[in-house]
Structures are given as structure tokens and as C-alpha cells.
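Asks: sequence and predicted structure below; questions after.
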Amino acid sequence: MNIRHALSASCLMLASAVASAPHDHRPAPTSPYAGEESRAIKALSAERVEQLLAGEGLGYAKAAELNGHPGPAHVLQWAQALRLSPAQRQATERLMQRHKERARELGRELVEAERRLDQALRHAGPEPASIARLVEAAGRVEAALRAEHLATHLAQTAILTREQISHYHRLRGYAPRGQDPKEKGHSHVE
């Protein structure tokens, strides 16, 4: 009888605790995309659209940058420290101007390609073949945009001396080629 009484008391305490616990009736978010359904172009944030239209880098040239090929925006930022000659500065400014024009043009094309894809997906029952063509079109534009950014870094590399490139990498905080970044400052000099 003692055990029965103890179990009854425990059940009453548990029921009381559950009943008095605060209840949150809001549904838990089910997707990290929640809220993005109101975007004008679902796959692109407003910030990303703005960056594409402005011709910003968006990481498209990271492979070049981290493999020893400086970009013109940062070269101009560090122009004094790199001791650019007037001819190098002028060539870099021209390169940057041409690149920005082309990157903005391709950015507009990519935004429009994503807009067409988004519009096609809004309609009930889009044809898979049609969607595939729209995805391929957007992919071609994005590939061209990335190639533009990478080619610009290669062109910038050709404008600089080997010493300027090494100094650029030190200014940007990169390890010299062939050196483990974790051992920065403790290895050979280029």
C-alpha cells in the first residue's frame, strides 16, 4: 500500500508540473528557408542581387586569389605599399574599369536568368525539360562571370613584378607559396 500511495503521489506531481508548464503555441521553424518565400527571386537575396548588379567579386576569384594571383581592387587598395609605378597603376585602373563593366553586364544577365527560372517555377506543373534549359542558361552565365573574375586576376598578375606579388600576399595575410599557413612567419623567405 505504501508503494501504491508513493506512485500516486508521484503521478500527481508530474501531472501538476506538466499542467503548470508554460505553453508556446507557435510552430517551430521547419526550414532554414523560412521567410525567403517572399523574395522577388527566391534563389537570390536582395543583397546578392545588389552585389551582382554592382559587379562585386562574391568569391568568384577566390581560387585565383589564394593561388598567387592578385586582384585589381586590392592592388589599388595597396598601391602605395606595393609601390606601383604610374604605368602599373594606370594599367590596373583600366583593367579594373573593364572588369567592372563586364562583371556588371554578366551580373545583370545572371539576375535575369534566375528571374526567368523563378517565374517558370511559380507556375503549376512546369515542364522538367524547360526548367533544365533555364538552369543551364543560368549556369552558363554564372560560369562566364566566374571566368571573368579569374581572368582579371590573371591579367593583374601579369602587370606586377614577382616582388610586388610576394608583398601583396604578405599584406593580405597569406602564407608564401609552399608554406603551411599555420607556420606563417616561421619558414623560408621567397
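Replies: Cool, the structure landed. Numbers count the residues shown, from 1 in each chain.

Asks: which residues in this protein form helices?
Replies: 2-20, 46-54, 62-65, 72-77, 79-82, 86-122, 128-159, 162-172 (DSSP state H).

Asks: in TSV: the ones you listed, plus mean neighbour count.
Replies: For every residue, glycine as well, the C-beta is placed using N, CA and C. Output for the helices of the chain, formatted as TSV (neighbours: other Cβ atoms under 10 Å):
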stretch	mean neighbour count
helix 2-20	9
helix 46-54	15
helix 62-65	17
helix 72-77	18
helix 79-82	14
helix 86-122	16
helix 128-159	16
helix 162-172	16
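
Asks: what residue ranges in this structure are flagged as low confidence?
Replies: 1-29, 176-190 (pLDDT under 70).

Asks: among the helices of the chain, which comes closest to residue 39?
Replies: helix 46-54 (7.2 Å; Cβ to Cβ).

Asks: contacts for that closest one, please.
Replies: 39-41, 44, 58, 104, 107-108, 110-111 (Cβ atoms under 8 Å, 6 or more residues apart in numbering).

Asks: one more time with 6 Å
Replies: 58, 107, 110-111 (Cβ atoms under 6 Å, 6 or more residues apart in numbering).

Asks: also stretch 100-119?
Replies: 41-44, 49, 52-53, 55, 134, 137-138, 141-142, 144-145, 148.
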